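Q: need a structure here:
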Amino acid sequence: MLRTIGLDETSDDFVIPPKAKPNHANSDGDMLLVDGEPVSSSSPSVSSPTGSSGRELVAVLMGNPGLCAASERLRAAPERQISSGPEGPRHVYVFQREYATVDPARVELVGTDEMTTCVGVAVRNNKTGMTSISHMDFPKTVEGGFRQMLELLGDDNEPFDVHLIGGFDDASTKVVHSSGGKRSKQEGYSHPLCCKIVEVLHKSEQQFHLRSFCVLGNNTMTDSYGNARPIVGGFVMETSSGVVSPASFDMTSRCPDEIVRRIRVSVSSYDPSWKGKLLETYDTHADIFQIAPTCWMPDWAEIASSLNELSDSEILLQCSTSPAAEPPHFVETERRIWKYMMENPDWEDTFPKYKPRVFRWTDDGRWSRHS
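A: Okay, here's the model as predicted:
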C-alpha cells in the first residue's frame, strides 16, 4: 500500500523526510451475519476507543469454518486478467482510498487490485444488484466511507452481501528480507484496519451478510525470502450475479485519469474536505467518471523531486507500508506520480476552479475526457 505523503505514522500515515440511509431500527450491534446467524463478541455494544470489540469480532470470524472454506475457494480460483477495450466487459476500477457505486444495467464488472495492507470491500443489494466497492487503507476513513458506500444502495429489509478481501498478516513481519539485505519493519497495518471495518459493520443500522473474509491469516503466504505477503491482492465482482473472483488489472484498465487519481491518495490527506472520507470517482446516475478535485501545496514539486532521487530500494522502504509485498511496477508508478507533480506544481492546472475532471464512455470502449 502507498503511504500517504505528509502525515505522521502515529496518526495512520507517513511523514515525508524534512523539506447512509438506515433501514433497521436495531442499532445495538448484531447486524453482521455469517450463514444467516448474528456474529457476536463479548465486548459491550458501544464503540471502544481501543477497538477491543473489533479485535474480538475478527478473532471469531477468522475461526469460522464457513468463512475459512470460502477463503480457501477464493484463493484457489484462477485469477482473472482485466483489460480495457471494446471487446471486453465494461468495468469500473477503484484505486486506494476510492469508492464507486455501480448499476448492473450499465456496468458488468467492478473491482480493485494492488492491495497489500489495504482491504477491498464490496457491498451488494441482492434485490437490485446495486453494488458499491471501496479500497480502504486506514481506519480513520472506514466509518465515513461506509456511509458513502451505502448512500446509493437503496433501502432493503434484507441483509446486504458484503465481501472483505485483501490485507495480510503483516503484523508478524518484524524484518524485511529482500535481495538488498534486511531492514527493520514496524508493526502491521492490516489488523487494525480489519478490526475497524468489522466493528463498523457490527454496529451499523443496516444488516450485512458476510460472504468473504479473505484477510489476514486467511490471505497470507511466505515468499522465498521468508516475507509474509498477500495471496489475493485484487478482485472483481460480476454485478449481475455478485460472484467474486481474484483479479489483476493491466495498465489500460486502471482508468481513467490514472496518475491524477493516484496523486489524490496522497494529497487528499491535507485537504480538509476529504477528512474521514473516501475519494469519489464514478457517478452512477450520470454514468460518468467524475474525478472529484483536491489540492496540493506548490512545494510538493520539490518534495517529489527529492523523492525521485532515492534508489528503488529506498523508495520501497519510505513510500510503502509493505515494501516486500509490493507489485513489480510500484517504484515505476511512484516515479510517474512524482514526474507529474514536478511538471504540475500548481494544483489549479489539474483542477481549474476546483472543478472535477469528467470522463464519458465512448463507443470504442474507452473513457474520454469532456471537462
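Q: show me where the protein has helices.
A: Assigned by DSSP state H, the chain shows helices spanning 52-62, 65-76, 142-150, 190-203, 258-267, 300-308, 312-319, 330-343, 347-350.
Q: quick one: which of the ones you listed is nearest residue 134?
A: Minimum separation from residue 134 across the helices of the chain (CB to CB) falls at helix 142-150, 5.7 Å. Every residue, glycine included, has its C-beta placed from N, CA and C.
Q: just checking, what packs against the closest one?
A: strand 98-102, strand 119-124, strand 131-136, helix 190-203 (3 or more CB pairs under 8 Å, 6 or more residues apart in numbering; DSSP states H and E).
Q: turn those into a markdown table, including distance to residue 110, mean pLDDT and mean neighbour count.
A: Shown next, in a markdown table, are those (distance: least, CB to CB, whole Å; pLDDT from 0 to 100; neighbours: other CB atoms under 10 Å):
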| stretch | distance to residue 110 | mean pLDDT | mean neighbour count |
| --- | --- | --- | --- |
| strand 98-102 | 5 | 98 | 25 |
| strand 119-124 | 7 | 98 | 25 |
| strand 131-136 | 5 | 98 | 28 |
| helix 190-203 | 18 | 96 | 24 |
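Q: tell me which of these lies nearest to residue 281.
A: Of these, nearest to residue 281 by CB to CB is strand 98-102, at 5.0 Å.
Q: just name the most buried of the helices of the chain.
A: A comparison of these by mean neighbour count, using mean count of other CB atoms under 10 Å, puts helix 190-203 on top with a mean of 24.
Q: which residues are in contact with the nearest residue to residue 218 once chain neighbours are set aside?
A: Excluding the flanking residues, the one nearest residue 218 by CB to CB, 6 or more residues apart in numbering is residue 71, at 4.1 Å. Listed by CB atoms under 8 Å, 6 or more residues apart in numbering, the contact set of residue 71 reads 212, 213, 214, 218, 219.
Q: residue 344: what's it in contact with?
A: Each residue near residue 344 by CB under 8 Å, 6+ apart is listed here: 301, 350.
Q: what about it, distance to residue 133?
A: Residue 344 is 29 Å from residue 133, where distance means CB to CB, to the nearest Å.
Q: where does the prediction get shaky in the protein?
A: 4-29, 42-52, 172-187 (pLDDT under 70).
Q: in it, which residue is closest to the centre?
A: The centroid of the chain falls nearest to residue 135 when counting by CA atoms, centre = their mean (1.3 Å).
Q: beta partners of that residue?
A: Judged by DSSP bridges, the bridge partners of residue 135 are residue 120.
Q: just residue 245 next, same as before
A: residue 236.
Q: now the strands: where do they sit in the stretch 151-300 of the chain?
A: 160-165, 175-178, 181-184, 208-214, 220-222, 228-230, 235-238, 244-249, 279-280, 282-283, 288-291 (DSSP state E, counting those that start in this stretch).
Q: in CSV, list these along with distance to residue 62 and mean neighbour count.
A: As requested, the strands of the stretch 151-300 of the chain are exported to CSV (distance: least, CB to CB, whole Å; neighbours: other CB atoms under 10 Å):
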stretch, distance to residue 62, mean neighbour count
strand 160-165, 11, 24
strand 175-178, 24, 16
strand 181-184, 27, 10
strand 208-214, 7, 22
strand 220-222, 11, 15
strand 228-230, 15, 22
strand 235-238, 19, 25
strand 244-249, 19, 21
strand 279-280, 30, 22
strand 282-283, 32, 20
strand 288-291, 36, 20
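Q: hmm, residue 87 is touching residue 364, no?
A: No: Residue 87 is not in contact with residue 364 according to CB atoms under 8 Å; the separation is 10.6 Å.
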